[in-house]
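Student: attaching a predicted model along with its sequence, questions to come.
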Amino acid sequence: MSADLVTWLREQIAEDQRAAEAAQRFHPTPWRVDPEVETTMETGRWVADAADEGVLVANGDAPARFFARWDPARVLTEVAAKRAILDDHRQVTFTDANLGIHNADVCMVCHAHLDYPDHFTEEQGDAWEYPLVQRAWPCPTVRALVAPFASRAGFDPSWLD
Ligand SMILES: [Zn+2]
């Protein structure tokens with residue numbers, strides 16, 4: 001399951017990249033709202049590209065600002081950020097016999113306190129500190145990365161469990 005999640009998520013990120021690059025070829029960034037250009041719609045607002053060409057007419061100022069804010073350059077920075085986070089939060093097979101962890105799929109970046117260590121003894125009493133252990137993979141960060149793509153084909157809801 002885990003490898004499928006990463007493969008699938010990287011494909012979704014690559015799709016976003018291809019869409020942004022294709023749009024950027026038509027309309028160089030940055031995009032901006034151009035209040036000077038009249039439209040036939042009373043509430044219409046132009047979004048223009050870096051070459052002062054019209055990209056689209058949005059029905060309202062807020063949608064126009066939204067499209068300008070999420071121009072292809074912004075999407076490409078989001079793509080790079082998601083890949084960097086995914087690279088950091090990769091799946092690692094981990095063993096720590098002292099903690100009773102054997103060949104567990106974990107994230108080496110995300111940690112949680114182990115509530116019930118196998119080797120807890122009463123003698124340790126109040127001096128016992130719950131050990132910090134690697135989170136099971138997929139970690140909360142990877143789950144957060146995959147969640148926005150839930151409506152796309154091939155998404156497995158169990159990835160969010
Ligand atoms: Zn993680």
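Tutor: Arrived safely.

Student: tell me which element Gly112 falls in.
Tutor: In this structure residue 112 is Ala, not Gly. Assigning secondary structure by DSSP states H and E places Ala112 in strand 101-113.

Student: show me what that strand pairs with in its sheet, parallel or antiparallel.
Tutor: strand 91-96 (antiparallel), strand 132-136 (antiparallel) (DSSP bridges).

Student: give me the contacts around it.
Tutor: For strand 101-113, contacts defined as C-beta atoms under 8 Å, 6 or more residues apart in numbering pick out 2, 88-95, 130-142. Using the backbone N, CA and C atoms, a C-beta is placed for each residue, glycine as well.

Student: again, but for stretch 145-161
Tutor: Under C-beta under 8 Å, 6+ apart, the answer for stretch 145-161 is 1, 4-5, 8-9, 12, 82, 85-86, 89, 138, 143.

Student: that stretch: end-to-end distance?
Tutor: 14 Å (C-alpha to C-alpha, to the nearest Å).

Student: list the buried residues in it.
Tutor: 145-146, 149, 155, 159 (16 or more other C-beta atoms under 10 Å).

Student: burial measure for Pro30, as a count.
Tutor: 13 (other C-beta atoms under 10 Å).

Student: assign it to helix, strand or coil.
Tutor: Following DSSP: H, G, I helix; E, B strand; the rest coil, the label given to Pro30 is coil.

Student: now do the same for the residue most central in space within the chain: its pLDDT.
Tutor: Nearest residue to the geometric centre of the chain (C-alpha atoms, centre = their mean): Leu145, 3.1 Å. pLDDT recorded at Leu145 is 97.
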